[in-house]
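Enquirer: Give the three-dimensional model of this entry:
(chains A and B)
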Amino acid sequence: QKEVEQNSGPLSVPEGAIASLNCTYSDRGSQSFFWYRQYSGKSPELIMSIYSNGDKEDGRFTAQLNKASQYVSLLIRDSQPSDSATYLCAVNWGRDDKIIFGKGTRLHILP
Amino acid sequence: DVKVTQSSRYLVKRTGEKVFLECVQDMDHENMFWYRQDPGLGLRLIYFSYDVKMKEKGDIPEGYSVSREKKERFSLILESASTNQTSMYLCASSGNGNTIYFGEGSWLTVV
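Expert: All right, here's what the predicted structure looks like:
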């Protein structure tokens, strides 16, 4: 059974703090991992992709991948109210291009 | 920038009507997808296509069909709309590297 699991939240984080979002997946063959941000009433937009174990940084965002433990995380530094959204973790299923999404974590940045 | 265009943003249809949702992408992507998104259920894959005239069922294909006659266009068809198909429908495309890019979404209400 293919699964991508995320805590639904809401996760409340004070403005300026670090927000940490986590995701686990069930398919050991997965090679591609993505984080999307979705504002209410809008479509998801890509934040980051990561393919190798370790950290990948882009501005205030850092994605972390651990294939052995089958988890991927997203850190948001210096959180801003505009970061309040639902964050979707996505993972490719097996060796093909089919992408499976978690149900998302709602993040609320407290001013 | 990748552009995925869903021609109908908001539709209201009657039960039993045939509904067409059109999607066009401008990046020559091989892969195209149709998802629906419902509160608490996340993004669920309806159908996807790896190539022209090729289609594969996703997780919830019942009540839907698709058509891909040209590489840039992927249509979702509801043969006989029902109230449980009221949802937001998201079209997406991807090329090499698996990154999925979404259209703006189509909000369908079936009454």
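Enquirer: What residues does chain A have near chain B?
Expert: Listed as neighbours of chain B in chain A under the rule C-beta under 8 Å from any C-beta of the partner chain: A:32, A:34, A:42-46, A:49, A:88, A:90, A:92, A:97-104. (C-beta placed from N, C-alpha, C; glycine too.)
Enquirer: Could you list the low-confidence segments of chain B?
Expert: The model of chain B has pLDDT under 70 over residues B:1-2, B:97.
Enquirer: what does it put close to chain A?
Expert: By the rule C-beta under 8 Å from any C-beta, the part of chain B lying against chain A is B:30-31, B:33, B:35, B:40-43, B:45, B:48, B:50, B:58, B:90, B:94, B:97-105.
Enquirer: Keep only those of the residues you listed that are in strands.
Expert: Residues of these located in strands (DSSP state E): B:31, B:33, B:35, B:42-43, B:45, B:48, B:90, B:94, B:100-102.
Enquirer: Which neighbouring elements make contact with the helix or strand of chain A with the lowest mean pLDDT?
Expert: Across the helices and strands of chain A, mean pLDDT, DSSP states H and E gives its lowest value to strand A:99-101, namely a mean of 88. Secondary-structure packing of strand A:99-101 (3 or more C-beta pairs under 8 Å, 6 or more residues apart in numbering or on different chains; DSSP states H and E): strand A:85-92, strand B:42-49.
Enquirer: rewinding a little: show me how to select, in PyMOL, the buried members of the residues of chain A next to chain B.
Expert: The PyMOL command for the buried members of these (criterion: 16 or more other C-beta atoms under 10 Å in any protein chain shown) is given here:
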select buried, chain A and resi 32+34+43+44+46+49+88+90+92+97+98+99+100+101+102+103+104
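Enquirer: what's the burial count for the closest residue to chain A within chain B?
Expert: Nearest residue of chain B to chain A: B:G42, at 3.5 Å (C-beta to the nearest C-beta). Counted by other C-beta atoms under 10 Å in any protein chain shown, the residues lying close to B:G42 total 19.
Enquirer: thinking it is in contact with A:I100, fair?
Expert: No. The pair B:G42 / A:I100 is not scored as a contact, 9.7 Å apart, by C-beta atoms under 8 Å.
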